[in-house]
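Peer 1: Everything below, folded, please.
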Amino acid sequence: MYRNICTAVLVLLVALLTLDNAHYYARASYLHLVPLLAFCGLAWALLGRDRGPTLGVTLWSLAGIGAVGVSLELIFQVYKHHPFDENGIVTMLSVCQLALISLVCFRLWQVRRAPGPWRLKNHSTIWLLIASGFAFLAVDEKALIHEGLDRSFHKLFAIQVTGWTSRLDDMLIGLYGLIGLAVLWFYFAEIKRFRRCFRLLQIGFVALFLSVAADMASNRPDFFLWLLGPGAGDLAYAIVGGLEEVLKITSEALFLSGFYSAVLDVRAQRHAPEA
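Peer 2: Numbers count the residues shown, from 1 in each chain. Prediction:
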C-alpha cells in the first residue's frame, strides 16, 4: 500500500509539473515523460516491502534516466532560451529524486524506529530527520525558495547587487549540505551500520559540493569573462552552468542509491537465518 500511494504521488507530481509548463514541453513532443515515468516505475520497485532491484540495477537505472533527461534538455532546449533553465526536465527530475529520497528514508524510519515514545536521541530518528530534510529540499527545488534569497537580501537591506551578494542563494545550498553532514555525524553510530550507504553518501557529498562550486562560478559570467575574455568566457560560463545541473542530479542519485542500499541491508538482516 505504501509504495502504491507514494508512486501515485510521484506520478501526480509529474503530471502537475507537466501541466504547469505544457507549452514549453510541447516543443519536445512531451518526450520528457519518458525518463520521468521510467523514474516513477523505478520508485515503485524500490519502495516494495520485501523485494526490489539490486543496488547495481538501481545505480545504472538512475544513470540512464539522468542521461536521457540531460540529452533531452540539450537537444530540444525545451524551457526558456537555453538548456537547464529552472523548471526544465532536469529540474523536474531533481524534484522527483529529492521526493523519492524522502519516501525511502521514511520507510527506513518505519522499519528501524525503536519501540516506545519518539526521542531525538533514538538511533532511528536520523531517518525521519533525513526524510523531513529532503521533503523540504523537494519543495525548495520547485518553489525556488533559496533562489529568492539574494533578491530578498538586497531589498531588505537596500544594498547594491554585487558578485558576492548575488551568490548568496548558491551558498545556501552549501549550507544545506553542511547541516546534513552535521546531522549524519551526530547519528554516525547508525550510519556506519550500513557500509554501502556510507560510501555512497561520501561520493554524493563530493558531487554536491562540486555542484555548489560550479553554481557559484556560473551565477554570473563576470568570472569567466575576466579569466578567458569574451567568446571563450561565454562558452565556459554556459558549460559550467550545465555541469552544475548534471552534478546536482548525480549527487541526488548517489544519495538515493545509498539510502536504498540501507533498505536492502535491513531486508537482508530481517531474512537472515538465526544462529
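
Peer 1: My guess is residue 209 contacts residue 174. True?
Peer 2: Yes. The pair residue 209 / residue 174 is scored as a contact, 6.7 Å apart, by Cβ atoms under 8 Å. For the C-beta atoms, the positions are set from N, CA and C on the backbone; glycine is no exception.

Peer 1: Could you give the average pLDDT over stretch 66-81?
Peer 2: Across stretch 66-81, pLDDT averages out at 82.

Peer 1: and if you look at stretch 187-198?
Peer 2: Average pLDDT, stretch 187-198: 91.

Peer 1: pull the CA atoms of it into CSV?
Peer 2: Provided in CSV are the C-alpha atoms of stretch 187-198 (Å, rounded to 0.1, in the frame of the first residue of the first chain):
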residue,chain,number,x,y,z
TYR,A,187,24.0,9.8,14.4
PHE,A,188,27.2,8.3,13.0
ALA,A,189,26.7,5.1,15.0
GLU,A,190,23.5,4.4,13.0
ILE,A,191,25.0,5.4,9.6
LYS,A,192,28.1,3.2,10.0
ARG,A,193,25.9,0.1,10.3
PHE,A,194,25.4,0.4,6.6
ARG,A,195,28.7,0.4,4.8
ARG,A,196,27.5,0.7,1.3
CYS,A,197,25.2,3.6,2.3
PHE,A,198,28.1,5.4,4.0
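
Peer 1: Can you list the neighbours in contact with that stretch?
Peer 2: With contact meaning Cβ atoms under 8 Å, 6 or more residues apart in numbering, stretch 187-198 is reached by 55, 112, 123-126, 184, 201, 258-259, 261-262, 265.

Peer 1: just stretch 100-116 next, same as before
Peer 2: Residues external to stretch 100-116 that are found in contact with it (Cβ under 8 Å, 6+ apart): 2, 6, 10, 39, 43, 46-47, 122-125, 127-128, 130-135, 138, 190, 252, 255-256, 259-260, 262-263, 266, 270.

Peer 1: The same query, at a cut-off of 7 Å, please.
Peer 2: Stretch 100-116 is contacted from outside by 2, 6, 10, 43, 46-47, 122-124, 127-128, 130-131, 134-135, 138, 252, 255-256, 259-260, 262-263, 266, using Cβ atoms under 7 Å, 6 or more residues apart in numbering.
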